[in-house]
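Mind folding the following:
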Amino acid sequence: MLNYIWTFMMLISVFCAVITNRMDALSEAIFTGAGEAVTLVISMLGMMSFWGGLMKIAEFGGLTSLLSRLFSPVLKLLFPEYPVNTPASNAICMNIIANFLGLGNAATPFGVMAMKEMNKTNSNPSTVTPGMAMFVVMNTASLQFIPTFLLVMRQKHGSTSPFSIIPVLWLTSIISLILGITACKIFEKVCKE
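Below is the predicted model:
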């Protein structure tokens, strides 16, 4: 589906450029955008490699299990179907921590791993469990204590004070997380009835 959307957007862009006689601007935008994309990927590669490696070391060093036990009261409340210190709860914990540190794309592998582990215990793999829905909501609203990815982007694009948005980011993240969890719990109760 996404391929169709991207194809449609590209065709519309070419069509509009032809009609407005701005093919040269479109060509320049394509090459400039491609160059900026490569520069962005290279600048983010170091940050993602560092944090991804650090998280992997934490996982192999047993920090995952320790943090899973530490966060067990919260994990039991939000994800009651996954016992503490199981592969699913450990992966959920690592994803939440990675999002809390603002690792952005570096948190994605842990999110994918968590969904795979949660789906292993799903009695009907073609449907989503309440825990999976809660995980997606929490992952989307993710509370970020240190928005690493965003700070790198702001600094890269010339912000003189990249940290100035942190209080606003904390406030909006907390509000969206609380509202998302509340909505998820309400829908879970409604669906059970």
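
got the CA positions of stretch 155-171 in PDB?
The C-alpha coordinates for stretch 155-171 follow below in PDB (Å, rounded to 0.1, in the frame of the first residue of the first chain):
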ATOM      1  CA  GLN A 155      22.000  20.900  16.200                       C
ATOM      2  CA  LYS A 156      22.700  19.600  12.700                       C
ATOM      3  CA  HIS A 157      20.300  22.200  11.300                       C
ATOM      4  CA  GLY A 158      21.900  25.100  13.200                       C
ATOM      5  CA  SER A 159      19.900  25.500  16.300                       C
ATOM      6  CA  THR A 160      21.700  27.700  18.800                       C
ATOM      7  CA  SER A 161      19.900  26.100  21.700                       C
ATOM      8  CA  PRO A 162      18.900  22.500  20.800                       C
ATOM      9  CA  PHE A 163      18.000  21.700  24.400                       C
ATOM     10  CA  SER A 164      15.400  24.500  24.800                       C
ATOM     11  CA  ILE A 165      12.500  22.300  23.700                       C
ATOM     12  CA  ILE A 166      13.000  19.600  26.400                       C
ATOM     13  CA  PRO A 167      10.500  20.900  29.000                       C
ATOM     14  CA  VAL A 168       7.800  21.200  26.300                       C
ATOM     15  CA  LEU A 169       8.700  17.800  24.900                       C
ATOM     16  CA  TRP A 170       8.400  16.300  28.400                       C
ATOM     17  CA  LEU A 171       5.000  17.900  29.000                       C
END
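
From L40, how far out is S159?
Distance, S159 to L40, by C-beta to C-beta, to the nearest Å: 15 Å. All C-beta atoms are positioned from the backbone trio N, CA, C, and that covers glycine.

repeat for L169
L169 is 21 Å from L40, by C-beta to C-beta.

Mind checking which of those two has more residues around it?
When neighbours are counted by other C-beta atoms under 10 Å, L169 and L40 differ, and L169 comes out ahead with 18 against 14.

How many residues are close by the nearest residue to F145 once chain neighbours are set aside?
Spatial nearest neighbour of F145, excluding adjacent residues (C-beta to C-beta, 6 or more residues apart in numbering): F100 at 5.2 Å. Residues within reach of F100, counting by other C-beta under 10 Å, total 15.

Would you mind identifying the helix or strand in this structure with the lowest mean pLDDT?
helix 63-70 (a mean of 75; mean pLDDT, DSSP states H and E).

packing partners for the host helix or strand of K185?
Taking DSSP states H and E as the criterion, K185 maps to helix 166-192. Using 3 or more C-beta pairs under 8 Å, 6 or more residues apart in numbering; DSSP states H and E as the contact test, the elements touching helix 166-192 are helix 130-141.

let's see it at 10 Å
Contact here means 3 or more C-beta pairs under 10 Å, 6 or more residues apart in numbering; DSSP states H and E; on that basis helix 166-192 packs against helix 72-78, helix 130-141, helix 148-156.

Return the residues in contact with C184.
By C-beta atoms under 10 Å, 6 or more residues apart in numbering, the contact list for C184 reads L78, P130, G131, A133, M134, F135, V136, V137, M138, A141.
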